[in-house]
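Trainee: Need coordinates for the following:
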Amino acid sequence: MGDNTFVAGQEPWLERLGNLRNVVRQELVTRQLAAHLPRGPLRVLDVGAGQGTQALRLARLGHSVTAVEPDGRMRAAFEQAAAGLTPEQREHVTLVATDLAGLASVTRPTAYDVVMCHGVLMYLPESRAAVAGLARRVAPGGIVSIAARNGDAMAWRPAGRHDWPAALAALDEMRRAAEEGRDARYRNEIGVDARADTLASLTADCEAAGLEVTAWYGIRVASDDVPVDEPAPTGVELAALLDVEERLGASDPYRALGTLLHVIARRRA
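Mentor: So this is what the prediction gives:
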């Protein structure tokens, strides 16, 4: 599956965890996933767990979580966040130093009720092998949750900022990618070259891996036009923003404009 290009951008990523765009992203993933979780307690695998936001939220709900993260600095951030768990919750969290390519050596096939892979695929050269690797870990009837860059909406962020040259450049790249039969590429705002998926491509990847897409959502439909260092609001304003984003992310035609695409797929029983 090749090298993960995220490593070069980990420092700005960690510095911005509390900013508006990441707060919206994490909360929307949590809300969207919650509607599809099987009855617990669940066995959860989080691949590319990063600082552990989603893994630790599920651990607090009583689920057993195996978190896979290749980068030492991200694992340190995970451990720091995990210090807030109760001793009983911490006993049910396992943090493993490997990546998608190393899953076979540290996890068991069809062992997990929920497999998560959020914000990873865009840093890999292609997605099909990754989705197949995730599918091999999920139990029959279990779900796979994937959050990826939405290649169908790449021009929406710069257009929302009235950055017309950047919007045109994104549209040109989307057109060239379609003509050349490849995934669109972009430089993201942590300074890393990355790749975008589409709903059609992820659906095809899931089907090839024996998964059926049962739901999909957009993430950051209306709040992605702000600078990367925009602080998150608080109180009533944040609550209203999250509620609006949740409804937009689940509704046509708005969800197709999400900067991130969140796909829920189920392994056939």
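Trainee: C-alpha only now, for contacts and for neighbours.
Mentor: OK.
Trainee: Test my guess that Leu260 contacts Ala148.
Mentor: Yes. Counting by CA atoms under 8 Å, Ala148 is a contact partner of Leu260 at 5.5 Å.
Trainee: ok, these two, which is more surrounded?
Mentor: Applying other CA atoms under 10 Å to Leu260 and Ala148 shows that Leu260 carries more neighbours, namely 29 against 26.
Trainee: ok, that one to Arg195 distance?
Mentor: Leu260 sits 12 Å away from Arg195, taking CA to CA, to the nearest Å as the criterion.
Trainee: and for the two, which residues touch both?
Mentor: Residues touching both Leu260 and Arg195 (CA atoms under 8 Å, 6 or more residues apart in numbering) are Arg149.
Trainee: Which residue ranges of this structure form helices?
Mentor: Per DSSP state H, the chain carries helices over the ranges 10-15, 20-34, 53-60, 72-82, 87-91, 103-106, 128-135, 156-160, 164-180, 199-208, 235-249.
Trainee: how far does the shortest one sit from the chain's center?
Mentor: What that stands for is helix 103-106. 21 Å (CA atoms, centre = their mean, to the nearest Å).
Trainee: quick check: mean pLDDT across it?
Mentor: The average pLDDT within helix 103-106 is 88.
Trainee: Can you list the buried residues in it?
Mentor: Under the neighbour-count criterion of 16 or more other CA atoms under 10 Å, helix 103-106 has Leu103 buried.
Trainee: shift numbering so it begins at 33
Mentor: Will do, 33 is the new start, and the previous item becomes helix 135-138.
Trainee: what sits up against it?
Mentor: Counting by CA under 8 Å, 6+ apart, 128, 165 sit against helix 135-138.
Trainee: Count residues in the vicinity of Ala301, would you?
Mentor: Ala301: 8 neighbours (other CA under 10 Å).
Trainee: Would you agree it is in contact with Asp145?
Mentor: No. If you go by CA under 8 Å, Ala301 and Asp145 don't touch, sitting 11.8 Å apart.
Trainee: what do the two both touch?
Mentor: What both Ala301 and Asp145 touch, as defined by CA under 8 Å, 6+ apart, is the set Gly173.
Trainee: returning to that earlier point: and the helices of the chain, which one is worst for confidence?
Mentor: Among those, helix 42-47 scores lowest, at a mean of 66.
Trainee: wait, Glu101 sits on Ala87?
Mentor: No. In this structure, Glu101 is not within contact of Ala87 by CA under 8 Å, at 11.3 Å.
Trainee: Looking at the two, which is more packed in?
Mentor: Ala87 (27 against 23).
Trainee: Surely the more buried one is in contact with Gly94?
Mentor: No. Counting by CA under 8 Å, Ala87 stays clear of Gly94, with 11.0 Å between them.
Trainee: Which residue would you name as the spatial centre of this protein?
Mentor: Nearest residue to the geometric centre of the chain (CA atoms, centre = their mean): His150, 2.2 Å.
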